[in-house]
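Undergrad: attaching a predicted model along with its sequence, questions to come.
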Amino acid sequence: MPEFGAAFAEALSLVIRLDRDLAEIVWLSLKVSLAAVFLATVIGMPLGAAVALFHFPGRKAVIVGLNALMGLPPVVVGLIVYLALSRAGPFGVFGLLFTPAALIAAQVLLVVPIIAALTRQVVEDLWAEYSDQLRSFGAGPGRALTALLWDGRFTLLTAVLAGFGRASAEVGAVMIVGGNIDHVTRVMTTAIALEVRKGDLALALGLGVILMVLSLIVNGAAFLIKDTVETRYG
Amino acid sequence: MGEEFSILPLELDNVSFEAGGKRLIKDLSHTFETALRTVIIGPNGAGKSLLLRLCHGLIGASAGRIVWHGAGDRDPAPYQGMVFQRPIMLRRSVAANVDYALALRGIRRRQRPVLVDEALVHTGLKRFARQPARLLSFGEQQKLALARVWALKPQILFLDEPTASLDPTATHTVEEIIAAFHAAGTRIVLTTHDLGQARRLADEVLFLHRGRLLEKAPAARFFAKPGNDLAEAFIRGELLWWRRGIDRREKPAGEKAID
Ligand SMILES: Nc1ncnc2c1ncn2[C@@H]1O[C@H](COP(=O)(O)OP(=O)(O)OP(=O)(O)O)[C@@H](O)[C@H]1O
Ligand SMILES: [Mg+2]
């Protein structure tokens, strides 16, 4: 497969000299995914902690909703966001469909359940372990919340990393709501899908390499954090 | 400690506790007077830990009343401390563990370092101050649990088997710390399986068996000659389950069987 070898060489050269098209796509992908993960953390963490610690009306509905979202195929999440943002939809007036904001919205919806579920697990486990002692010190779940989040900070960080992994690797939802428009909503995954179809393997491979490196970094970081915590904090 | 008023005495009036359809504490009445050290003994599963948790307010009684006679309108909770059967360490440094306990009591940030330091010096943990608490040995963790309550200066301290699985030296240190609490005016309520420790620390002994308070007596009298024959068998080291007719014997004299 000489073609493949050539494409790979070209791909590496694109990456190394930071080809403008490629850099633009990578930069947009990172911006979108980081924004989505940030928002998903702001929404998902309090949600997960609340579900873990408090009994409030609608708690069961929140749990079912989050679990359902987690199990949904991303294209369906994309479809939901598409319908919500399309002109006839409830958020149609903002004209967000096929903009980076739509990409962010779709990724937020994909990542919130992950972060909420992991936060819930972490907070629930910590509270089960700490509750006697903290209540003895005079702190109920409300006052203890910051302590629980702080003591679970490393595990929570791996939750955020997992969310980033899912956000940046996803293709179906962003394809639907973003439309893969050049210079506007073309992110790494959708670009790969398109370039492969066009037969431009070089750019696809270059992006693939970057995604792979990104995934390695994220997973390496998660592993390192877990490892350090286990040896340093027991 | 350093305060005029005391939340004591603590009165339990016909207290019962039920869980899972079983009565685990049965019609227990006792008044914990000021200034005494109470040691609660009894076989595994007798309800010693439950009794401490009831007194401390971590669980609520299913029936009966628990009254802090001295508390008046005040919330008695902040004047109490508890050391648990298994030490619960926060995932932080040794010093931060003490600091957090003080923070929850509303002590100002600027005043805390001195108090943290004093508690660590007092319990011999100063050199571990910066270490993660969860990497301490079991005995050191138990001392840290004591350091945390020391910093809080409670009026009453519940200790649930504080020296179980400690070596003799560590046990001795912990008993010295308990003695220091006592000297500082903290009311001690302690459970133990170590009868030597019960003799060393008790002013008053409660003997619990299957959720029932079978005997309460001044320590000297209890260890000389317990009034209840199950208690007597227990301190002689006999295996209670081996004895027949337990269900008849465990009822205090004169009480009807009403389980
Ligand atoms: N939440 C609960 N639900 C049901 N049973 C319980 C509960 N908590 C405790 N028990 C039972 O109550 C009994 C008394 O428990 P407790 O922990 O007070 O015993 P203990 O005297 O402290 O024993 P040990 O010496 O082993 O520490 C046990 O049989 C235990 O299984
Ligand atoms: Mg116990």
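TA: Perfect, thanks for sending it. Ligands and ions are numbered 1, 2, ... in the order given.
Undergrad: lowest-confidence helix or strand of chain A?
TA: Lowest mean confidence among the helices and strands of chain A (mean pLDDT, DSSP states H and E): helix A:2-16, at a mean of 83.
Undergrad: mean confidence score for the next helix or strand after that one?
TA: Downstream of helix A:2-16, the first helix or strand assigned by DSSP states H and E is helix A:20-53. In this model, helix A:20-53 has a mean pLDDT of 94.
Undergrad: flag every buried residue along helix A:20-53.
TA: Within helix A:20-53, the residues scored as buried using 16 or more other CB atoms under 10 Å in any protein chain shown are A:22, A:25-26, A:28-30, A:32-33, A:35-41, A:43-45, A:47-53. All C-beta spots, glycine's among them, are computed from the backbone N, C-alpha and C.
Undergrad: show me what that helix packs onto, helices and strands only.
TA: Helices and strands touching helix A:20-53, by 3 or more CB pairs under 8 Å, 6 or more residues apart in numbering or on different chains; DSSP states H and E, are helix A:59-71, helix A:100-136, helix A:141-151, helix A:153-169, helix A:188-198, helix A:201-233.
Undergrad: give me the contacts around stretch A:189-206.
TA: Contact with stretch A:189-206 is made by A:3-4, A:7-8, A:10-12, A:14-15, A:19, A:21-22, A:25, A:29, A:168-171, A:174-175, A:178, A:180, A:186, A:207-208, A:211, as judged by CB atoms under 8 Å, 6 or more residues apart in numbering or on different chains.
Undergrad: and residue B:5, what element?
TA: Element membership for residue B:5 (DSSP H and E) is empty, with no helix or strand holding it.
Undergrad: neighbours of it, how many?
TA: Residue crowding around residue B:5 was assessed by other CB atoms under 10 Å in any protein chain shown; the count is 11.
Undergrad: export the helices and strands packed on helix A:20-53 as JSON lines, with columns for mean pLDDT and distance to ligand 1.
TA: Putting the helices and strands packed on helix A:20-53 into JSON lines (pLDDT from 0 to 100; distance: least, CB to the nearest ligand atom, whole Å) gives the following:
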{"stretch": "helix A:59-71", "mean pLDDT": "89", "distance to ligand 1": "23"}
{"stretch": "helix A:100-136", "mean pLDDT": "95", "distance to ligand 1": "12"}
{"stretch": "helix A:141-151", "mean pLDDT": "90", "distance to ligand 1": "19"}
{"stretch": "helix A:153-169", "mean pLDDT": "91", "distance to ligand 1": "28"}
{"stretch": "helix A:188-198", "mean pLDDT": "93", "distance to ligand 1": "50"}
{"stretch": "helix A:201-233", "mean pLDDT": "88", "distance to ligand 1": "28"}
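Undergrad: out of those helices, deepest packed?
TA: Mean neighbours per residue, mean count of other CB atoms under 10 Å in any protein chain shown, is largest over the helices and strands packed on helix A:20-53 for helix A:100-136, with a mean of 23.
Undergrad: and that one, what does it pack onto?
TA: helix A:20-53, helix A:59-71, helix A:74-85, helix A:141-151, helix A:153-169, helix A:172-178, strand B:80-83.
Undergrad: helix/strand/coil for the residue lying closest to residue B:225 once chain neighbours are set aside?
TA: Among residues not flanking residue B:225 along the chain, residue B:232 sits closest, at 7.5 Å (CB to CB, 6 or more residues apart in numbering or on different chains). Classification of residue B:232 using DSSP: H, G, I helix; E, B strand; the rest coil returns helix.
Undergrad: number of residues surrounding residue B:232?
TA: Residues contacting residue B:232 under the criterion other CB under 10 Å number 15.
Undergrad: so which residues of chain B form helices?
TA: Assigned helices in chain B, in chain order: B:48-56, B:94-104, B:112-122, B:138-152, B:168-183, B:195-201, B:219-224, B:229-235, B:246-249 (criterion: DSSP state H).
Undergrad: follow-up on the earlier one: surely the residue nearest to residue B:225 meets residue B:223?
TA: No - if you go by CB atoms under 8 Å, residue B:232 and residue B:223 don't touch, sitting 10.3 Å apart.
Undergrad: which residues do these two both contact?
TA: Both residue B:232 and residue B:223 lack any common contact, where contact means CB under 8 Å, 6+ apart.
Undergrad: what sits closest to the residue of chain A most remote from its centre if chain neighbours are left out?
TA: No residue in chain A sits farther from the centre than residue A:136, which is 38.0 Å out by CA atoms, centre = their mean. Leaving aside its sequence neighbours, residue A:136 sits nearest to residue B:82 (CB to CB, 6+ apart; 4.7 Å).
Undergrad: confirm for me that residue B:223 is in contact with residue B:203.
TA: No - the criterion here is CB under 8 Å, and residue B:223 misses it with residue B:203 at 11.9 Å.
Undergrad: number of nearby residues for residue B:137?
TA: By the criterion of other CB under 10 Å, residue B:137 has 12 neighbours.
Undergrad: please apply the same query to residue B:29.
TA: Residue B:29, neighbours per other CB under 10 Å, totals 13.
Undergrad: which residues touch it?
TA: Contact partners of residue B:29, counting by CB under 8 Å, 6+ apart, are B:12-15, B:64, B:213.
Undergrad: please redo it, this time with the cut-off set to 7 Å
TA: Residue B:29 sits next to B:12-14 when contact means CB atoms under 7 Å, 6 or more residues apart in numbering or on different chains.
Undergrad: out of those residues, which is nearest to residue A:150?
TA: Checking these against residue A:150 with CB to CB, the nearest one is residue B:12 at 37.1 Å.
Undergrad: what separation do you get for that closest one and ligand 1?
TA: Separation of residue B:12 from ligand 1 (CB to the nearest ligand atom, to the nearest Å) stands at 15 Å.
Undergrad: run a quick check on that residue versus residue B:27, I expect a contact.
TA: No - judged on CB atoms under 7 Å, residue B:12 makes no contact with residue B:27 at a distance of 10.0 Å.
Undergrad: still on that earlier bit, tell me the contacts of the residue farthest from the centre of chain A?
TA: Residues counted as contacts of residue A:136 (CB under 7 Å, 6+ apart) are B:56, B:58, B:82.
Undergrad: appreciated, that's everything.
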